[in-house]
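I would like the atomic coordinates for the input below:
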Amino acid sequence: MKRTEIKDALALTTYGQRINVRGWVRSRRGNKNVSFIALNDGSTIKNIQIVADLATSDGCSSEGKRFSEEELKLVTTGACISATGSLVESMGKGQTVEIHADEIEVYGTADPDTYPLQKKGHSLEYLRTVAHLRPRTNTFGAILRIRHNMAIAIHTYFHEHGYFYFHTPLITASDCEGAGQMFQVTTKNLYNLKRDQQGQIDYSDDFFGKMTALTVSGQLEGELGAMALGKIYTFGPTFRAENSNTPRHLAEFWMIEPEIAFYDINDNMDLAEDFIKFCIQWALDHCKDDIDFLNQMYDNTLIERLNGVLAEKFVRLDYTDGINILLEAKKKFEFPVKWGIDLQSEHERYLVEEHFKRPVILTNYPKEIKAFYMKQNDDGKTVRAMDVLFPQIGEIIGGSEREADYDKLLNRINELNIPMKDMWWYLETRKFGTVPHSGFGLGFERLVLFVTGMQNIRDVIAFPRTPNNAEF
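Next up, the predicted model:
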């Protein structure tokens, strides 16, 4: 018989219909007369109840199939089974239908003494140690379904607004952020490295003939796409070799990066606000059961906070004004505040959560703390950067109007001693038909972190990569 997904089975009202469901046992309970099996297949956070009547000790039978204890002894928490039977109206709370089983087949057993996910509460820290199994829990099933829906929302938004999905390389010879914290890609024998006369590693015999690394951002190549297609976005994995053991950093994460020709900083801010509100509304519309669960189990202000972001227009605040607000705040910050600093999470969250009580787009940062490609303002001190700051997260989007002037961009590259051999192609777009343009980057995991209400970024990606951790 064809399998019915549990999310579809729960919506049926054709009582008496014979259906088949398959999934993993969350629990089994009962008495000497009947067993109740909670089954989940990942299609929904909700389980469906399988009712299995037990044969009586005197061997008497009544209407319908009755199972022996021997037949059901392998139906334990974690086992994978197929159950076939009649759909009946449920008398229990929290469910409308259940299945009165007449066939149960065990596909895979799970030893109750060693299965790591018993029917009890497990800490998120513990679940990270069993990341190969944690998607089977209610919490991670909900998170991963929301993550999927956020990916669909992203592609839907950009497609409906005329953007082209542009695939930028994962292996690159340029460091977009100029930070140098990149994972190198090489085929060289690391135990016998060829070196030049100055003692530097000679990459001439390497696969690409030069030093290459995993990308930290697809932005630079994305700009090239925008110079031809007008509006593009990238959505793919990025890598940063930062030794950051914080709840907000990963070594491997996903980025969404639109780049748009003929957009200035104000257009960019409008896009960022509209885009992120679309994604949040999508989550509320398409992930209700999962968000309700997370709101109930982890953060009872989650739904209120999501709706709050949708209800308010984001504040647009000059960096200098933001610094003045922080200096005047009657609050002791761990990191001192002065003009020229790169704001810490505590500063960003104060502006959002305590001062304005809504998201903030901070603009016109000091050029010394921002990347070389950002458009310089006339004051010579600041650039047309923008960061979107969210409650509980801090910075969720970072972007800017890009520097379109060849000479200004060249001077900035030289000031920062960025090797010209890596930048010639990027500079040429300013020689041949340059154009005002803008873009931003949104860390996908930070979006999922906000939408789920989770507190640690390691809990919104299936297999987190962090310092000293590349398990699974």
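
can you count the residues close to Asn245?
Residues lying near Asn245 (other Cβ atoms under 10 Å) number 10. For glycine as for every other residue, the C-beta is placed from the backbone atoms N, C-alpha and C.

quick check: it touching Pro464?
No. At 11.5 Å, Asn245 does not count as touching Pro464 under the criterion of Cβ atoms under 8 Å.

residue ranges in the stretch 51-200 of the chain under the pLDDT threshold?
The model of the stretch 51-200 of the chain has pLDDT under 70 over residues 57-64, 175-180.

ok, which stretches of it are helices?
In the stretch 51-200 of the chain, the helices defined using DSSP state H, counting those that start in this stretch lie at 69-72, 124-128, 138-160.

which strands and helices sit next to the shortest one?
When you say that, I think you mean helix 69-72. Packed against helix 69-72 by the contact rule (3 or more Cβ pairs under 8 Å, 6 or more residues apart in numbering; DSSP states H and E) you find no helix or strand.

contacts for it, please.
Contacts to helix 69-72, defined as Cβ atoms under 8 Å, 6 or more residues apart in numbering, come from residues Arg28, Ser35, Ala52, Leu54, Ile104.

tell me how far the third one lies from Glu98.
Using Cβ to Cβ, to the nearest Å, Ala52 is found at 11 Å from Glu98.

got it, and Lys421?
Taking Cβ to Cβ as the measure, Lys421 falls 68 Å from Glu98.

same thing with Cys287?
Applying Cβ to Cβ to Cys287 and Glu98 gives a distance of 25 Å.

cool, Gln118 as well?
Counting by Cβ to Cβ, the gap from Gln118 to Glu98 is 23 Å.

the two - which one has more neighbours?
Glu98 (23 against 13).

distance check, the more buried one against Phe278.
Distance from Glu98 to Phe278, by Cβ to Cβ: 38 Å.

next: Thr466.
For Thr466, the distance to Phe278 - Cβ to Cβ - is 30 Å.

same check on Ala151?
Using Cβ to Cβ, we find Ala151 at a distance of 13 Å from Phe278.

please apply the same query to Ile341.
32 Å.

okay, the two: which has more neighbours?
Phe278 (18 against 15).

spatially nearest residue to Phe253 (excluding sequence neighbours)?
Glu445 (5.1 Å; Cβ to Cβ, 6 or more residues apart in numbering).

one step back: select, out of the helices of the stretch 51-200 of the chain, the one closest to Gly108.
helix 69-72 (15.2 Å; Cβ to Cβ).

helix, strand or coil: sort out the residue nearest the centre of the chain for me.
Taking Cα atoms, centre = their mean, the centroid of the chain lies closest to Glu445, which sits 2.6 Å from it. Secondary structure state of Glu445, per DSSP: H, G, I helix; E, B strand; the rest coil, is helix.

wait, doesn't it sit right on Ile457?
Yes. Counting by Cβ under 8 Å, Ile457 is a contact partner of Glu445 at 5.1 Å.

overlap in contacts, the two.
Both Glu445 and Ile457 are in contact with Leu250, Phe253, where contact means Cβ under 8 Å, 6+ apart.

was I right about Leu442 contacting Trp254?
No. At 9.4 Å, Leu442 and Trp254 do not qualify as touching, with contact defined as Cβ under 8 Å.

so for those two, which sits in the more crowded spot?
A count of neighbours by other Cβ under 10 Å puts Leu442 above the other of Leu442 and Trp254, at 24 against 20.
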